[in-house]
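Asker: Output the structure for:
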Amino acid sequence: MIGISTILDKTRGDRWIWLIIILLSMISILTVYSATGTIAYNKGMAVEKYLLYKHVIFVIIGIAMIYVAHLLDYKYYAGISKILMLITIPLLLYTAAFGEHINDASRWVKIPLIGLTFQTSDLAKLALITFLARMLTRKQENIKDVKQAFLPIMGSVCVVFVLIAWANLSTALMLFGVSILLLIIGRISIKQIMMVCVGGGVLLLFIVFLGPRSATYKSRVNSFLHPELQNSDKTYQADQSKIALATGGVFGKGPGNSTQRNFLPHPYSDFIFAIIVEEYGTFGALVMVMLYVTLLYRCVRIVTKAPKAFGALLAAGLSFSLTIQAFANMAVAVGLGPVTGVPLPLVSMGGTSLIFTSIAFGIILSVSKDVEEYGSKRIIVGEIPAMA
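Answerer: Here you go, the predicted model:
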């Protein structure tokens with residue numbers, strides 16, 4: 001009990017974000033427990049054993065990572081970002097050439113000794129956002145200068161975008177969007193941002209039409225725009241997700257009563273929101289949306305109150321990344337976007353993805369902790385003249 005009380009005493013940051021983390025983790029465990037029934041059966045394992053070994057442990061590790069990351073002063077992440085970028089670029093190149101091929105895409109790298117695989121794009125998102133926040137902060141004095149600020153900043157964005165998009169276009173597009181938002185907040189000129197968007201559009205067309213997964217990308221877009229013209233195999237995932245949504249009703253079928261988990265290819269990751277709606281209904285869907293909207297709102301408050309530009313940009317970039325990813329996942333599940341492999345942050349099953357997401361939450365809480373401490377100092381300083 002002494003250890004727990006000590007941990008609680010050292011826990012800082014926005015209490016609402018901590019509450020959202022706990023609620024999302026609980027929802028994750030309940031839904032993954034239900035969604036992994038079929039895959040556990042196919043592997044000849046009890047669902048409890050499969051869940052405990054593959055998810056609950058990672059949830060606990062994730063919360064521990066949030067706690068550790070939030071204790072570290074966020075200013076240290078400026079230096080860490082340089083190291084992350086030096087690791088990320090070669091790792092993305094290695095993944096493209098020698099990565100594990102799953103579902104016709106080379107996105108994964110196997111970690112030696114332990115045998116686990118992870119998507120290098122998860123590390124790249126964290127590295128690029130922290131690096132951009134650092135660069136935009138350091139270049140504020142000559143932020144309008146093309147050679148001094150624009151080219152170094154955009155060079156990192158374009159390199160990471162191309163390397164990720166080669167095998168994971170949806171993640172690359174979301175990261176590119178977050179980068180543009182950071183450029184706007186960081187006072188890059190609109191003219192230069194428009195040039196970036198045009199350049200990004202050219203790269204996008206090149207990857208879509210000439211990349212190794214061009215056929216997959218075009219098929220998914222065609223299936224989304226013209227589902228009536230496609231055969232059932234191409235729209236199978238979207239169709240099964242819509243069935244889950246349609247049968248959920250207002251309050252759902254109840255925990256553990258999903259039937260579409262037996263038909264959806266990835267009910268525990270890409271389409272976990274469909275399982276949530278099926279089991280908890282429209283009410284459950286609204287709760288999920290409100291949790292992520294509240295997360296975005298609390299993060300925006302942190303951004304507006306952050307005393308340092310680096311902290312504001314860091315919190316903004318990470319919070320935009322998490323919420324855009326969340327709404328992209330939910331949009332795919334309800335048929336508002338083409339099928340992608342984007343997980344629901346802190347809810348979908350996936351060990352290394354969960355850990356990188358947790359680190360992002362921890363960094364946001366670190367900035368929030370600094371905001372609280374800065375506010376306390378202002379109050380104390382403001383009271384001194386009154387007492388004198």
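Asker: you'd agree Pro152 is in a helix?
Answerer: Yes: assessed with DSSP: H, G, I helix; E, B strand; the rest coil, Pro152 lies in a helix.
Asker: How about it: what's its closest non-neighbour residue?
Answerer: Leaving aside its sequence neighbours, Pro152 sits nearest to Met135 (Cβ to Cβ, 6 or more residues apart in numbering; 6.6 Å). Any C-beta I mention is one placed from the backbone N, CA and C, and that applies to glycine too.
Asker: On the three-state scheme, the one you found is what?
Answerer: At Met135 the chain is in helix, as set by three-state DSSP.
Asker: Could you do Arg12 as well?
Answerer: Assignment for Arg12 (three-state DSSP): coil.
Asker: so how far is Ser368 from it?
Answerer: According to Cβ to Cβ, to the nearest Å, Arg12 and Ser368 sit 8 Å apart.
Asker: quick revisit: wait, the residue nearest to Pro152 sits on Met154?
Answerer: No: with contact defined as Cβ atoms under 8 Å, Met135 does not count as touching Met154 (10.0 Å).
Asker: circling back to that earlier point, return the residues in contact with the residue nearest to Pro152.
Answerer: With contact set as Cβ atoms under 8 Å, 6 or more residues apart in numbering, Met135 has these partners: Ala149, Pro152, Ile153, Ser156.
Asker: of these, closest to Gly62?
Answerer: Minimum distance to Gly62 across the contacts of Met135 is 27.3 Å, recorded for Ser156 (Cβ to Cβ).
Asker: neighbours around Val202, how many?
Answerer: Neighbour count for Val202, taken as other Cβ atoms under 10 Å: 10.
Asker: and Trp108, what are its phi and psi?
Answerer: phi -110, psi 150 (degrees, to the nearest 10).
Asker: And Val109, by the same measure?
Answerer: The phi/psi pair for Val109 (degrees, to the nearest 10) is phi -120, psi 130.
Asker: so what sits against both of Arg12 and Ser368?
Answerer: In contact with both Arg12 and Ser368: His70, using Cβ under 8 Å, 6+ apart.
Asker: ok, the two, which is more surrounded?
Answerer: Ser368 (27 against 17).
Asker: State the distance from the closest residue to Ser219 other than its chain neighbours to Leu72.
Answerer: Spatial nearest neighbour of Ser219, excluding adjacent residues (Cβ to Cβ, 6+ apart): Lys234 at 6.3 Å. Distance, Lys234 to Leu72, by Cβ to Cβ: 46 Å.
Asker: My guess is Ser302 contacts Asp14. True?
Answerer: Check again: residue 302 is Ile, not Ser. Yes: with contact defined as Cβ under 8 Å, Ile302 reaches Asp14; the gap is 6.6 Å.
Asker: the more surrounded of these two?
Answerer: Neighbour count, other Cβ under 10 Å: between Ile302 and Asp14, Ile302 has more, with 25 against 20.
Asker: Could you report the separation of the more buried one from Phe176?
Answerer: Separation of Ile302 from Phe176 (Cβ to Cβ): 24 Å.
Asker: Same question for Thr340.
Answerer: 14 Å.
Asker: of these two, who's got more company?
Answerer: Neighbours were counted for Thr340 and for Phe176 using other Cβ under 10 Å; Phe176 has more, 22 against 19.
Asker: The more buried one: helix or strand, and which one exactly?
Answerer: helix 169-185 (DSSP states H and E).
Asker: and that helix, how far from the chain's centre?
Answerer: 12 Å (Cα atoms, centre = their mean, to the nearest Å).
Asker: List the contacts of that helix.
Answerer: 121, 124-125, 128-129, 132-133, 136, 153, 157, 160-162, 164-165, 192-193, 196-197, 200, 204, 207-208, 211, 213, 217, 312-313, 316-317, 320-321, 324-325, 328, 340-342.
Asker: Quick one: mean pLDDT over stretch 313-323.
Answerer: Stretch 313-323 carries an average pLDDT of 95.
Asker: Please put the alpha-carbon coordinates of it into PDB.
Answerer: Presented in PDB, the C-alpha positions along stretch 313-323 are these (Å, rounded to 0.1, in the frame of the first residue of the first chain):
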ATOM      1  CA  LEU A 313       3.800  22.200 -30.200                       C
ATOM      2  CA  LEU A 314       4.600  18.800 -28.600                       C
ATOM      3  CA  ALA A 315       1.200  18.400 -27.000                       C
ATOM      4  CA  ALA A 316      -0.600  19.700 -30.100                       C
ATOM      5  CA  GLY A 317       1.100  17.300 -32.400                       C
ATOM      6  CA  LEU A 318       0.600  14.200 -30.300                       C
ATOM      7  CA  SER A 319      -3.000  15.000 -29.400                       C
ATOM      8  CA  PHE A 320      -3.900  15.700 -33.000                       C
ATOM      9  CA  SER A 321      -2.200  12.400 -34.000                       C
ATOM     10  CA  LEU A 322      -4.100  10.400 -31.400                       C
ATOM     11  CA  THR A 323      -7.500  11.900 -32.100                       C
END
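Asker: I appreciate the help and will end here.
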